[in-house]
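**Student:** show me the folded form of this:
(one chain, ligands or ions: 1)
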Amino acid sequence: MKHYEVNFDGLVGPTHNYAGLSFGNVASVSNAKNQSNPREAAKQGLAKMKSLTDLGLTQGVLAPQQRPDLTTLRRLGFSGTDAKVLEQAALRCPQALLACYSASSMWTANAATVSPSADTQDGRVHFTPANLVDKFHRSIEPDVTGAILKATFHDSKYFAHHQHLPSHTDFGDEGAANHTRLCQQYGHAGLELFVYGRSCSQNEHLQPHKFPARQTLEASQAIARLHGLDEETALFIQQNPAVIDQGVFHNDVIAVGNQNVFFYHEQAFLHPEQLCQDIRRLLPNTDLHFIQVSEQQVNLADAVKSYLFNTQIVTLNNGTMAIIAPTDCQETPAVKALLDDILTRNTPIQQVLYFDVKQSMRNGGGPACLRLRVALSDQELSAVNPNTLLDDTLFNTLNQWVDKHYRDRLSFDDLKDPSLITESYTALDELTYILKLGSVYPFQQVG
Ligand SMILES: NCCC[C@H](NC(=O)CCC(=O)O)C(=O)O
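**Tutor:** Modelled structure (predicted):
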């Protein structure tokens, strides 16, 4: 049996905008209220997906959320026609309007945590949508995320879906952005690294002072229990609170792993030496490569600005690996020098490819944020909804769909325009036909 790691990238939704909603995420806050370009954003994402298929990888697409989320605005007491709801929300509670318009589901690394069948007790691939409770605009994602995941990974013989964790900050969960899996081969049992920012019950755990720690230890432990992982398969690691205070709001801003390669900044974790020892102990037969980057090589500010660690490390069909990096890494001298140097070392990484994903970067999302990794056997892959797997035809169809429905600029005042509701829902309705998802959106279920 063959095994693959398939990246399921989030398609950028028609209402992509910069609202400054993510306190602790430097890019999001500093680009607040700038004009966005949803069409360009969606096309940048599609171009990255297409390039990965050109490298010979299997690439999937996850549909965006229904935005605006009028149900949530109505729950907040805004009533009357849809246009009236928008107008009143803009006047009385603009932050709610912005939240209900956010296209943040594009960062599918936060959609869910996924455990491949090689790691789980019942031999199925397990999915738990993230509750994303730390940010209001993201806390409204998990129900529809669950519906989209079920429509994509439908067959219960291979795929197990859990409900998101209870929506309280004690169990704050941000999904795969705080989860990395190391293994020798994708089909081998691996080690799942769960990185958390704080504990809600153990007072001795240090916490950041300035910015929130979005993920708790207790949330990570609950996911491991739900997925049927054991002590040999799941390792819980505390993030260094000091880096959270410097803008590392998810672990995937400071570390990334793929198979036997673990690439991270020396300040990423509270106890890095212990972590390396534990990984070696739990993966005794794996030829591990630890690529630790020192503050002297790349300082934390450059790492956060360039998203050096928010790169994807992908295994190509010839067994070597490539780093998929944002062009921002190329533009930051110390980072470019480090990436060039990695290519000269004796590791599986043999090439670095740069992609312009600046529309996403301006909201704090790099190449790795845009994808959810799902390791699958060929049998499991054949059970995935085939209409969500990217080929040349789907790539062209989605580009045309974007051209037809997306605006090329969006700012706060545009969000008050009721015709954006119709534009967005028309586009999403058509998308569910293209991807054959069924009625995953609340607006499709009315009546
Ligand atoms: N993994 C990357 C996630 C980025 C995301 N940004 C946002 O939601 C910004 C939205 C805005 O400010 O418009 C976040 O912080 O969770």
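
**Student:** could you list the low-pLDDT ranges of this protein?
**Tutor:** Within the chain, the segments meeting pLDDT under 70 span 446-447.

**Student:** could you list the residues of it in contact with the ligand?
**Tutor:** 18-22, 25, 28, 102, 104, 107, 109-110, 135, 138, 177, 249-250, 363-365, 369 (Cβ under 6 Å from any ligand atom). Where you see a C-beta, it was placed from the backbone N, CA and C, and this is true even at glycine.

**Student:** so who does the residue of the chain most remote from its centre touch?
**Tutor:** Computed with Cα atoms, centre = their mean, the residue of the chain farthest from its C-alpha average is residue 80, at 35.1 Å. By Cβ atoms under 8 Å, 6 or more residues apart in numbering, the contact list for residue 80 reads residue 88.

**Student:** what's the answer for residue 385, then?
**Tutor:** Residues in contact with residue 385 (Cβ under 8 Å, 6+ apart) are 151-154, 435-437.

**Student:** and the residue nearest the centre of the chain?
**Tutor:** residue 109 (1.6 Å).

**Student:** with adjacent residues omitted, what lies nearest to that one?
**Tutor:** residue 177 (4.4 Å; Cβ to Cβ, 6 or more residues apart in numbering).

**Student:** surely residue 425 and residue 431 touch.
**Tutor:** No. Between residue 425 and residue 431 there is no contact under Cβ atoms under 8 Å: 10.4 Å.

**Student:** buried ones in stretch 274-288?
**Tutor:** 275-276, 278-279, 282-283, 286, 288 (16 or more other Cβ atoms under 10 Å).

**Student:** for the ligand, state which of those residues is nearest.
**Tutor:** Nearest to the ligand among those is residue 275, at 21.7 Å by Cβ to the nearest ligand atom.

**Student:** so the closest one: helix, strand or coil?
**Tutor:** helix (DSSP: H, G, I helix; E, B strand; the rest coil).

**Student:** isn't it up against residue 269?
**Tutor:** Yes. Using Cβ under 8 Å, residue 275 is in contact with residue 269, at 5.3 Å.

**Student:** in the stretch 51-200 of the chain, which spans are helices?
**Tutor:** 70-75, 82-92, 94-101, 136-139, 142-152 (DSSP state H, counting those that start in this stretch).

**Student:** what's the spacing between whichever residue of the stretch 251-400 of the chain sits closest to the ligand and residue 128?
**Tutor:** Closest contact between the stretch 251-400 of the chain and the ligand, by Cβ to the nearest ligand atom, is at residue 369 (3.4 Å). Distance of residue 369 to residue 128, computed by Cβ to Cβ, to the nearest Å: 18 Å.

**Student:** next: residue 231.
**Tutor:** Residue 231 is 19 Å from residue 128, by Cβ to Cβ.

**Student:** so the two - more neighbours on which side?
**Tutor:** A side-by-side neighbour count of residue 231 and residue 128, using other Cβ atoms under 10 Å, places residue 128 first with 26 against 8.

**Student:** could you work out the end-to-end span of stretch 260-270 for me?
**Tutor:** Counting by Cα to Cα, to the nearest Å, you get 22 Å between the two ends of stretch 260-270.

**Student:** no, scratch that, I was asking about stretch 340-359
**Tutor:** End to end - Cα to Cα - stretch 340-359 spans 25 Å.

**Student:** same question for stretch 150-159.
**Tutor:** Using Cα to Cα, the two ends of stretch 150-159 sit 9 Å apart.

**Student:** contacts for it next, please.
**Tutor:** Residues contacting stretch 150-159 (Cβ under 8 Å, 6+ apart): 8, 60, 62, 117, 124-127, 161, 374, 379-380, 383-385, 388, 435, 437-438, 440.

**Student:** out of the residues you listed, which are buried?
**Tutor:** Buried by 16+ other Cβ under 10 Å: 8, 60, 62, 117, 124-127, 161, 374, 380, 383-385, 388, 435, 437, 440, out of those.

**Student:** which strands border the helix or strand containing residue 313, and is each parallel or antiparallel?
**Tutor:** Assigned by DSSP states H and E, residue 313 falls within strand 312-315. Paired neighbours of strand 312-315 in the sheet (DSSP bridges): strand 321-326 (antiparallel).

**Student:** the strand it pairs with: how far from the chain's middle?
**Tutor:** 16 Å (Cα atoms, centre = their mean, to the nearest Å).

**Student:** buried sites along the helix or strand following it?
**Tutor:** Once the chain leaves strand 321-326, the next helix or strand it forms, by DSSP H and E, is helix 327-330. If you call a residue buried by 16+ other Cβ under 10 Å, then helix 327-330 has these buried ones: 328-330.

**Student:** of all these, which comes closest to residue 261?
**Tutor:** Among those, residue 329 lies closest to residue 261 (Cβ to Cβ), at 17.0 Å.

**Student:** close enough to count as contact, the closest one and residue 310?
**Tutor:** No. Counting by Cβ under 8 Å, residue 329 stays clear of residue 310, with 9.3 Å between them.

**Student:** where's residue 137 relative to residue 412, distance?
**Tutor:** Taking Cβ to Cβ, one finds residue 137 at 14 Å from residue 412.

**Student:** the more surrounded of those two?
**Tutor:** Per other Cβ under 10 Å, whichever of residue 137 and residue 412 has more neighbours is residue 137, with 23 against 17.
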